[in-house]
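*Asks:* This is the structure alone, sequence omitted:
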């Protein structure tokens with residue numbers, strides 16, 4: 001059926017240009033038109049037709065009523081939320097990261113670097129990931145993994161060597177932990193993590209199916225922590241060396257087809273064993289005093305690693321703890 005003419009009064013609704021021009025339609029007229037066409041409509045819907053787009057207008061008007069200070073605060077809040085989300089995404093992008101506690105260690109002169117010369121000491125290092133890795137076995141790994149600085153990933157394994165240095169004001173105690181941040185499809189059951197600490201290697205794996213350790217491995221501490229290394233006497237002038245190697249062990253009984261496409265993500269944190277309970281304000285005031293007096297001043301921006309060692313630059317070659325080096329016999 002074809003209508004040559006719209007019902008009386010309805011033509012006012014169908015003509016969109018008039019709607020856009022007038023922006024206002026009397027509620028009585030709308031009710032009459034809807035009643036004639038047998039439609040039942042709520043009061044909210046009628047008001048929506050009476051003031052098209054009113055919600056957007058009201059939001060705009062509310063924003064305009066805010067004073068400048070509130071608008072600035074709102075923008076800053078949104079910016080902080082964005083930066084927080086961005087930082088969280090970077091932390092979870094799949095890279096192996098090494099993070100040093102800035103407040104308790106970095107400000108005291110403890111730093112990490114992927115070179116034993118400490119050309120660019122920092123509090124955070126990020127390791128390149130290995131994409132689409134397949135399983136290998138420990139005998140496929142090179143023999144010189146602990147002799148190459150920084151990134152040295154190979155075929156189907158991740159490898160990274162870095163250093164921790166104390167060029168600070170005082171001796172400290174620290175604990176370094178390798179953490180299992182995320183996993184998928186049971187891949188964590190077949191993964192291996194080899195850690196060299198000052199030349200001594202230990203291989204870690206998730207417990208075997210019977211609950212005992214895998215052959216030649218030390219079991220993970222728990223579901224979240226792979227291993228922990230405590231250093232109760234990290235003297236000023238000391239340097240420790242770590243090499244981390246991760247691969248999927250093909251000889252593991254749980255390295256089966258079902259884990260194909262799975263993934264694991266690890267990180268390493270270096271934290272103080274005995275946290276200074278002094279308030280942040282007191283620490284800040286003390287650092288200012290040290291800076292003004294010239295007694296081991298700090299970086300004003302807090303972004304440079306302090307070097308307080310009175311015998312010059314501390315490196316892996318001239319470190320104080322050379323006698324602690326272990327020759328790995330494995």
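*Replies:* Here it is on my side, so go on. Note that the structure is predicted; figures quoted are calculated from it, not measured.

*Asks:* those helices in the stretch 151-300 of the chain, which residues are they?
*Replies:* Per DSSP state H, counting those that start in this stretch, the stretch 151-300 of the chain carries helices over the ranges 280-293.

*Asks:* By mean pLDDT, which helix or strand of this structure comes out lowest?
*Replies:* helix 16-22 (a mean of 44; mean pLDDT, DSSP states H and E).

*Asks:* Poorly predicted segments of the stretch 51-200 of the chain, please.
*Replies:* 51-67, 69, 84-95 (pLDDT under 70).

*Asks:* Run a quick neighbour tally on the residue nearest to residue 124 when sequence neighbours are not counted.
*Replies:* Leaving aside its sequence neighbours, residue 124 sits nearest to residue 99 (Cβ to Cβ, 6 or more residues apart in numbering; 5.5 Å). In this view, the C-beta of every residue, glycine as well, is placed from N, C-alpha and C. Summarising burial for residue 99: neighbours were counted as other Cβ atoms under 10 Å, giving 17.

*Asks:* before we move on, what about residue 97?
*Replies:* 19.

*Asks:* sec struct for it, please.
*Replies:* In three-state terms, and counting by DSSP: H, G, I helix; E, B strand; the rest coil, residue 97 is strand.

*Asks:* That one and residue 128 touch, don't they?
*Replies:* No: Residue 97 is not in contact with residue 128 according to Cβ atoms under 8 Å; the separation is 11.3 Å.

*Asks:* Quick check: longest strand in the protein by residues?
*Replies:* strand 172-184 (DSSP state E).

*Asks:* Buried residues in that strand, which are they?
*Replies:* 172, 174, 176, 177, 178, 179, 180, 183 (16 or more other Cβ atoms under 10 Å).

*Asks:* ditto for stretch 106-124
*Replies:* Of all the residues in stretch 106-124, those buried under the rule 16+ other Cβ under 10 Å are 106-114, 116, 118, 121-123.

*Asks:* Who are the contact partners of residue 105?
*Replies:* 123, 172, 174, 270, 271, 272 (Cβ atoms under 8 Å, 6 or more residues apart in numbering).

*Asks:* Among the residues you listed, list the two that are farthest apart in space.
*Replies:* The largest distance within the contacts of residue 105, taken as Cβ to Cβ, falls between 123 and 172 and amounts to 14.2 Å.
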